[in-house]
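> only the shape, not the letters, is given here:
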């Protein structure tokens, strides 16, 4: 099927399309494992993990201590998607827009931008979907954070550091609604209080409580399960327990639901839910307050926007070039281009066809949370 170019063929066409781009916050916030290696869907790539460091006492001696060796481990990240966006032009179309029109090259440039936009948004969406792996949550479901103070980032930071997350390189990715609320806080926009004019003049979000704060258009809107009237079994559950037996209630408890237990103000994220009385599994590190050996009421929180806080190291995005057969395929040329908005690189290939040319923009990727306790949800 030919392109529809009739509206681009006036003799004196001067308009220039501006490609829309959504906010990208997760991609620059996570650990990126990118290379020009080619992989197939389902193949694992491995990202290294360095161990925690230990200190020793200094003891003077003739020679330095014989130590310092470390075991460098890795985590397997599956490449789950390999996607392409095709763009095709035939000779008639090219001549039509080149003769006193905008020019095929100008249109193709924007088409490539649109293709990268599509792929970037899908990758951003996949990272946003990792909210189901977050350890705990803070805030009020259905209520935009940053109503009047900075209590929200302070308390979500508390979750992370209590779970052992290093306080360096913390990331907080929020939706535009939360971003708008943050920009209205007087303590951040008054220069005499914030000692900075960038938020007031440019709208740039300032780092707060050690968080680098970014906005994303792909923040997930989560609909809770239908579960009601559930209580825990009378077995009792110790601090750190993740498998919690629930009884008496009805309805579904879904992965990603935020639940609380009577007598405990912590908000836990469900890893594995149920459709009837059974055993739910909470994300690590599990219970922060022990549950008594009695029927303790469990409450499922409301629907929420899943703003996310995490250490950069906790989430890994592995990106590679799509697989090719031995001896390559019919492409007559290939190159790699980088999207200046997200920083991701994509392969652009040209396929010569009968009196037409197809351009293909593609990449392969996978996303994984490798340290669940170092992630948290800021409810919105």
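All right, it came through fine. As the structure is a computational prediction, the values presented were derived from the model and not from experiment. Residues are numbered from 1 along each chain as shown.

> skip the chain neighbours and tell me the closest residue to residue 20.
Spatial nearest neighbour of residue 20, chain neighbours left out: residue 117 (7.3 Å); criterion: CB to CB, 6 or more residues apart in numbering. Bear in mind the C-beta positions are built from the backbone N, C-alpha and C, glycine included.

> can I assume that neighbour sits in a helix?
Yes. Applying DSSP: H, G, I helix; E, B strand; the rest coil, one finds residue 117 inside a helix.

> tally of neighbours for it?
For residue 117, the neighbour count with other CB atoms under 10 Å is 19.

> wait, it touches residue 24, no?
No. Taking CB atoms under 8 Å as the definition, residue 117 is not a contact partner of residue 24, at 9.7 Å.

> okay, strands next: where are they in the stretch 101-250 of the chain?
Secondary structure of the stretch 101-250 of the chain by DSSP state E, counting those that start in this stretch: the strands cover 136-138, 170-174, 211-215, 221-222, 231-232, 243-247.

> separation between the residue nearest to residue 20 and residue 141?
Residue 117 sits 31 Å away from residue 141, taking CB to CB, to the nearest Å as the criterion.

> cool, residue 245 as well?
Applying CB to CB to residue 245 and residue 141 gives a distance of 25 Å.

> higher neighbour count, these two?
Set side by side, residue 245 and residue 141 give different neighbour counts by other CB under 10 Å, the larger being at residue 141 (18 against 15).

> wait, doesn't the more buried one sit right on residue 306?
No. Residue 141 sits out of contact with residue 306 when judged by CB under 8 Å, with a separation of 10.1 Å.

> list residues touching both of the two?
Both residue 141 and residue 306 are in contact with residue 379, where contact means CB atoms under 8 Å, 6 or more residues apart in numbering.

> and for this protein, the residue most distant from the center?
When each C-alpha in the chain is compared with the mean C-alpha position (CA atoms, centre = their mean), residue 62 comes out farthest, at 51.3 Å.

> tell me the pLDDT at that one?
We have a pLDDT of 93 for residue 62.

> with residue 344 instead?
88.

> next, count neighbours for it.
A count of nearby residues for residue 344, using other CB under 10 Å, gives 23.

> need the contact list for it.
Taking CB under 8 Å, 6+ apart as the criterion, residue 344 is in contact with 27, 34, 116, 119-120, 123, 319, 338, 363.

> distance of it from residue 317?
If you measure residue 344 against residue 317 using CB to CB, the figure is 9 Å.

> hey, what's in contact with both of those two?
With contacts defined as CB under 8 Å, 6+ apart, the residues adjacent to both residue 344 and residue 317 are 27, 34, 123.

> make a markdown table out of these and add pLDDT.
Putting the shared contacts of residue 344 and residue 317 into a markdown table (pLDDT from 0 to 100) gives the following:
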| residue | pLDDT |
| --- | --- |
| 27 | 94 |
| 34 | 79 |
| 123 | 96 |
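
> could I get the full set of helices for the stretch 1-150 of the chain?
With DSSP state H, counting those that start in this stretch, the ranges of helices along the stretch 1-150 of the chain come out as 91-98, 104-128.

> one more: the stretch 251-380 of the chain?
Chain-ordered helices for the stretch 251-380 of the chain, with DSSP H, counting those that start in this stretch as the definition, do not occur.

> who's residue 361 bridged to?
Bridge pairing for residue 361 (DSSP bridges) gives the partners residue 85, residue 348.

> re earlier: between all of the contacts of residue 344, which two are separated the most?
Of all pairs drawn from these, the one with the largest separation by CB to CB is 34 and 116; the distance is 14.7 Å.

> the two: which has the busier surroundings?
Set residue 34 next to residue 116 and count neighbours by other CB under 10 Å: residue 116 wins out with 25 against 15.

> do you know the pLDDT at that one?
Reading off the model, residue 116 has pLDDT 91.

> ok, the spatially closest residue to it that is not a sequence neighbour - contacts?
Distance criterion CB to CB, 6+ apart; nearest residue to residue 116, sequence neighbours excluded, is residue 339 at 4.6 Å. In this structure, residue 339 makes contact with 116, 120, 345-346, judged by CB under 8 Å, 6+ apart.

> the strands of the stretch 101-250 of the chain: which one's closest to residue 159?
Nearest to residue 159 among the strands of the stretch 101-250 of the chain is strand 136-138 (5.1 Å), distances taken as CB to CB.

> can you tell me the strand partners of that closest one and which way each runs?
For strand 136-138, the paired strands and their directions (DSSP bridges) read strand 264-272 (antiparallel), strand 375-379 (parallel).

> pick the most deeply packed of those strands.
Scoring the strands paired with strand 136-138 by mean neighbour count under mean count of other CB atoms under 10 Å gives strand 375-379 as the most buried, with a mean of 28.

> hmm, who's touching that one?
Residues outside strand 375-379 that contact it (CB under 8 Å, 6+ apart): 130-131, 133-143, 145, 152-153, 156, 159-160, 163, 172, 174, 178, 258, 267, 269, 301, 304-311, 314-315, 369.

> and the closest residue to residue 360 other than its chain neighbours, how many neighbours?
Here the nearest residue to residue 360 in space, its sequence neighbours aside, is residue 349; by CB to CB, 6+ apart that works out to 4.7 Å. Neighbours of residue 349 under the rule other CB under 10 Å: 21.
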